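> Quick one, fold the following:
(one chain, ligands or ions: 1)
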Amino acid sequence: MHLGIPGTIGGAVKMNAGAYGKEMKDIVFSTTYIDLDGNINKINLDEHEFEYRKSIFKDKRYIILESTLKLKKGKKEEIENKMKEYQTLRKEKQPISKPSAGSTFKRGEDYITAKLIDECGLKGKQIGGAKVSEKHAGFIVNEGNATSKDILDLIEYVKKEVYEKTGKKIELEIEIVGE
Ligand SMILES: Cc1cc2nc3c(=O)[nH]c(=O)nc-3n(C[C@H](O)[C@H](O)[C@H](O)COP(=O)(O)OP(=O)(O)OC[C@H]3O[C@@H](n4cnc5c(N)ncnc54)[C@H](O)[C@@H]3O)c2cc1C
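As a prediction, the model looks like this:
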């Protein structure tokens with residue numbers, strides 16, 4: 001059963017994916033990767049240099065082959081209930097029925113970015129097919145026909161508005177690939 005954060009183990013380890021107070025760094029034991037010279041290496045937890053949405057893989061062009069996770073044994077029913085609980089929270093608070101890349105901006109040191117965007121009156125702001133979700137201002141959703149330019153333009157608009165209104169420079173959580 002798949003619930004929660006969409007993606008593969010490689011993407012999750014590289015981005016130190018996490019939610020509801022837990023991140024990959026809490027469960028990764030070791031990772032095997034291949035470097036650009038074709039060497040296969042294995043690193044242990046402390047060598048991953050995990051930080052918020054960051055790991056040693058962030059600036060290196062390595063390919064993660066596999067990760068060993070250290071999980072705690074639990075009761076099946078309790079685990080399933082926890083999964084359902086988190087899924088309900090997601091459905092209530094996040095626009096998961098619409099296409100998006102997830103949370104667009106990183107959490108701030110001393111502020112909640114989505115709240116800041118909301119307070120700047122940006123919920124529902126739309127450029128082309130890209131829209132600041134009305135359900136969760138941290139998400140930019142595709143209303144059906146968004147181009148990558150619509151999304152990038154909306155990101156820039158949101159960043160500029162938030163900076164002008166609050167003085168905070170919000171940073172991207174997602175990675176921009178290509179031009
Ligand atoms: C609705 C929704 C909700 C989300 N909620 C969350 C959340 O709660 N928390 C969170 O952290 N993220 C969230 N995300 C973002 C994203 O799903 C996760 O960060 C996920 O772990 C990314 O994994 P992926 O396999 O899709 O990687 P991709 O997005 O495809 O790639 C991410 C990066 O990892 C690299 N990469 C992928 N595979 C490998 C590999 N094998 N070796 C080396 N590099 C690799 C890619 O090149 C890229 O740089 C959400 C996204 C959506 C759409």
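
> Show the contacting residues for S55.
13-16, 24-25, 48-49 (C-beta atoms under 8 Å, 6 or more residues apart in numbering). For glycine as for every other residue, the C-beta is placed from the backbone atoms N, C-alpha and C.

> quick one: it and I9, what's the gap?
The gap separating S55 from I9 is 12 Å, by C-beta to C-beta, to the nearest Å.

> ditto for K60
With distances taken as C-beta to C-beta, K60 is found 17 Å from I9.

> same question, E80
Where I9 is concerned, E80 sits at a distance of 21 Å (C-beta to C-beta).

> Of those two, give the one with the bigger neighbour count.
Per other C-beta atoms under 10 Å, whichever of E80 and I9 has more neighbours is I9, with 16 against 13.

> buried set for stretch 91-106?
With burial defined by 16 or more other C-beta atoms under 10 Å, the residues of stretch 91-106 counted as buried are 94-96, 100, 102-106.

> wait, does it contact the ligand?
Yes: Stretch 91-106 lies within reach of the ligand by C-beta under 6 Å from any ligand atom, at 96, 100-102.

> Using CSV, list the CA coordinates for that stretch.
Only the C-alpha atoms of stretch 91-106 are listed here, as CSV (Å, rounded to 0.1, in the frame of the first residue of the first chain):
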residue,chain,number,x,y,z
LYS,A,91,-6.6,15.2,2.2
GLU,A,92,-8.0,17.9,4.5
LYS,A,93,-5.1,20.3,4.3
GLN,A,94,-3.4,19.7,0.9
PRO,A,95,-4.7,19.9,-2.7
ILE,A,96,-3.8,16.3,-3.5
SER,A,97,-6.5,15.9,-6.1
LYS,A,98,-4.8,18.4,-8.4
PRO,A,99,-1.4,17.9,-10.1
SER,A,100,1.5,19.7,-8.3
ALA,A,101,5.1,19.2,-7.3
GLY,A,102,4.2,19.2,-3.7
SER,A,103,5.1,22.0,-1.3
THR,A,104,6.7,24.6,-3.5
PHE,A,105,8.6,26.6,-0.8
LYS,A,106,10.7,25.6,2.1
